[in-house]
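**Q** The sequence and its predicted three-dimensional model are supplied below.
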Amino acid sequence: MLLFVNRGTVVPLVILALLGLAGRFVMGRFDISMGRGLAAGLVLMLGWGAASALWEETSGLAVPKAAQLAGLIVAGLLAQSSARHLSDRSVRRVLGILLGSILAGTAMVVFEWQAGCPISRAVFILRHGSAVGVTVHHYKTALTLFAVLLPLTQLAEPGKWRRLGLMAAVVLLVVAAKATNSNSTLVGLLMGGSAFAILRLAPRLGRIVLAAAFAGLIMLMPAIVSHLPQPKEAVQAFHALPNSGVHRLLIWHFTNDHVAERPWRGWGLDGARELPGGNGAGIIYQYDAEHDRLLSYPQQLLPLHPHNGPLQIWLEIGGIGAALVAACLVGLMWSAIRSVEPTVGALRGAAMTTALSVSLVSFGVWQSWWLAVLLIACALAGMPLAAGGRRVP
């Protein structure tokens, strides 16, 4: 499903939530893992986002988005309750199916790349009546989501075949990411793998490093962007910089200028899509190696969102909102990896790091389909059977 309708991921989240709701009312079972501090942080964050309706630039965006986020969080909690009551056998089966699906999906992308996208063309003809312009690049999003979910497939009892499946999936993901130019997938794999290594070798130090990195990336993002080169300077220094990277620099600098105008309260939750001047055009550059010159052409200054989660948070709900989000994220990370077997904590931390890494360069931070994937990942991470066959909190 993720290969062709990755933006329909809310559907499985709703199904899991309904199962959790049935467990609560039919069998009297309801079990979630959330500390009071994290719960309070989420309530404050949603409340601040809703309150931004008082100063939002375009009216009617903040409150509906806050309500949507609240609904997704409730669905995620119900999904977590549903997952935590699975039997050991069911958990192994779910994670085995997930690993097999990632292997099959990435293998299909590699096949499509080599064969000229025959499957995609057939699907697009059936859905849209035409396959004009279909390329392997439309699989980018699915590959990124595979990278986020992959570490969680190892939470079940370790075994030779599961480890071999993991290695094969990593190789296939790298090949597929190179074929589709999915740099976010490669960044996610690299950073997630690094987080796993740190947390596995030095769990206590790893938790501190990850907490500092998560909080620092969110709170310091405007300062980080202000020190990045402008598009022209970047292309002059790095001729091979992809066009998507050059465009992101344009977007980030434009967004950062608006962050500076309202640094504490922001422009209103979900306001990036209606930011003043966002529909205008800026200039990006491309190096022409044949004639040793720079080519320039216009690109939109802000297409829907900044393609940088922390920067979007600063833009929409300001420094106060960013501090609340950072506190929630660090609290979630800390509760997920402390007081558990090191391998379990490392796998959970790897999935969270992969997701954060991806959010630095892709997707809108409040997009429902993206949040649905993250909430499903949380439910998977909270399943009772962990590496080594132990039940964990």
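**A** Thanks, I have it. All values derive from a computational prediction rather than experimental measurement.
**Q** Would you state the helices of the stretch 1-150 of the chain in chain order?
**A** Per DSSP state H, counting those that start in this stretch, the stretch 1-150 of the chain carries helices over the ranges 2-5, 10-25, 36-51, 62-83, 88-115, 118-128, 140-149.
**Q** same question for the fourth one, mean pLDDT?
**A** Averaged across helix 62-83, the pLDDT comes to 89.
**Q** Dump the C-alpha coordinates for it into PDB.
**A** What follows is helix 62-83, C-alpha atoms only, in PDB (Å, rounded to 0.1, in the frame of the first residue of the first chain):
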ATOM      1  CA  ALA A  62      -5.000  27.000  13.600                       C
ATOM      2  CA  VAL A  63      -8.000  25.600  15.500                       C
ATOM      3  CA  PRO A  64      -8.900  22.900  12.900                       C
ATOM      4  CA  LYS A  65      -5.300  21.800  12.700                       C
ATOM      5  CA  ALA A  66      -5.000  21.600  16.500                       C
ATOM      6  CA  ALA A  67      -8.200  19.500  16.600                       C
ATOM      7  CA  GLN A  68      -6.900  17.200  13.900                       C
ATOM      8  CA  LEU A  69      -3.600  16.700  15.800                       C
ATOM      9  CA  ALA A  70      -5.500  16.000  19.000                       C
ATOM     10  CA  GLY A  71      -7.600  13.400  17.100                       C
ATOM     11  CA  LEU A  72      -4.500  11.700  15.700                       C
ATOM     12  CA  ILE A  73      -2.900  11.600  19.100                       C
ATOM     13  CA  VAL A  74      -6.000  10.000  20.600                       C
ATOM     14  CA  ALA A  75      -6.000   7.500  17.700                       C
ATOM     15  CA  GLY A  76      -2.300   6.800  18.300                       C
ATOM     16  CA  LEU A  77      -3.000   6.100  22.000                       C
ATOM     17  CA  LEU A  78      -5.800   3.700  21.200                       C
ATOM     18  CA  ALA A  79      -3.600   2.000  18.600                       C
ATOM     19  CA  GLN A  80      -0.900   1.600  21.300                       C
ATOM     20  CA  SER A  81      -3.400   0.000  23.600                       C
ATOM     21  CA  SER A  82      -4.400  -2.400  20.900                       C
ATOM     22  CA  ALA A  83      -0.800  -3.400  20.100                       C
END
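**Q** Can you give me the buried ones in stretch 268-282?
**A** 268-272, 274-275, 278, 282 (16 or more other Cβ atoms under 10 Å). Placement of C-beta: from N, CA and C, glycine included.
**Q** ugh, typo on my part, it should be stretch 236-247
**A** Applying 16+ other Cβ under 10 Å to stretch 236-247 flags 241, 245-247 as buried.
**Q** still on that earlier bit, for the buried residues of stretch 268-282, work out which two are farthest apart.
**A** Leu269 and Gly282 (25.0 Å; Cβ to Cβ).
**Q** so which of the helices of the stretch 1-150 of the chain gets nearest Leu164?
**A** Smallest distance to Leu164 across the helices of the stretch 1-150 of the chain (Cβ to Cβ): 10.2 Å, for helix 88-115.
**Q** Show me what that closest one is packed against.
**A** Packing contacts for helix 88-115, counted by 3 or more Cβ pairs under 8 Å, 6 or more residues apart in numbering; DSSP states H and E, involve helix 2-5, helix 118-128, helix 140-149, helix 160-180, helix 368-381.
**Q** What's the mean pLDDT across that helix?
**A** On average, helix 88-115 scores 89.
**Q** likewise stretch 351-358?
**A** For stretch 351-358, mean pLDDT rounds to 94.
**Q** Give me the residues contacting it.
**A** Residues outside stretch 351-358 that contact it (Cβ atoms under 8 Å, 6 or more residues apart in numbering) are 144, 147-152, 184-185, 187-192, 194-195, 210, 214, 217, 309, 329, 332-333, 336, 374, 377, 381.
**Q** which residue sits closest to Met191, ignoring its sequence neighbours?
**A** Excluding the flanking residues, the one nearest Met191 by Cβ to Cβ, 6 or more residues apart in numbering is Ser357, at 4.0 Å.
**Q** That neighbour and Glu57, how far apart?
**A** To Glu57, Ser357 is 30 Å away according to Cβ to Cβ, to the nearest Å.
**Q** sorry, back to before: tell me which of the helices and strands packed on helix 88-115 lies nearest to Pro231.
**A** Checking these against Pro231 by Cβ to Cβ gives helix 140-149 as the closest, at 21.7 Å.
**Q** Which strand or helix spans the residue nearest to Met191?
**A** Here Ser357, judged by DSSP states H and E, is contained in helix 342-359.
**Q** Next, the angle from that helix to helix 368-381.
**A** On the basis of axes from the mean of the first three to the mean of the last three Cα atoms, to 10 degrees, helix 342-359 is oriented at 170 degrees to helix 368-381.
**Q** Angles on the backbone of the residue located most distally from the centre of the chain, please.
**A** The outermost residue of the chain relative to its centre, with distances by Cα atoms, centre = their mean, is His291 at 39.3 Å. Dihedral pair for His291: phi -110, psi 10, per degrees, to the nearest 10.
**Q** Can you read off the pLDDT for it?
**A** 77.
**Q** Point out where the stretch 101-250 of the chain drops to low pLDDT.
**A** Low-confidence segments of the stretch 101-250 of the chain (pLDDT under 70): 131, 157-158.
**Q** repeat that for 80
**A** Scanning the stretch 101-250 of the chain for pLDDT under 80 picks out the ranges 124, 127-134, 156-160.
**Q** Could you look up the next helix or strand downstream of the host helix or strand of Ile251?
**A** Counting by DSSP H and E, the element that carries Ile251 is helix 243-261. Counting by DSSP H and E, the next helix or strand C-terminal to helix 243-261 is strand 281-288.
**Q** Please enumerate residues in contact with whatever helix or strand comes next after that following strand?
**A** As assigned by DSSP H and E, the chain's next helix or strand after strand 281-288 is strand 293-300. The contact list for strand 293-300 (Cβ under 8 Å, 6+ apart) reads 232, 235-236, 247, 250, 278-288.
**Q** at 10 Å what do you get?
**A** The contact list for strand 293-300 (Cβ atoms under 10 Å, 6 or more residues apart in numbering) reads 231-232, 235-236, 239, 243, 246-247, 250-251, 254, 278-288.
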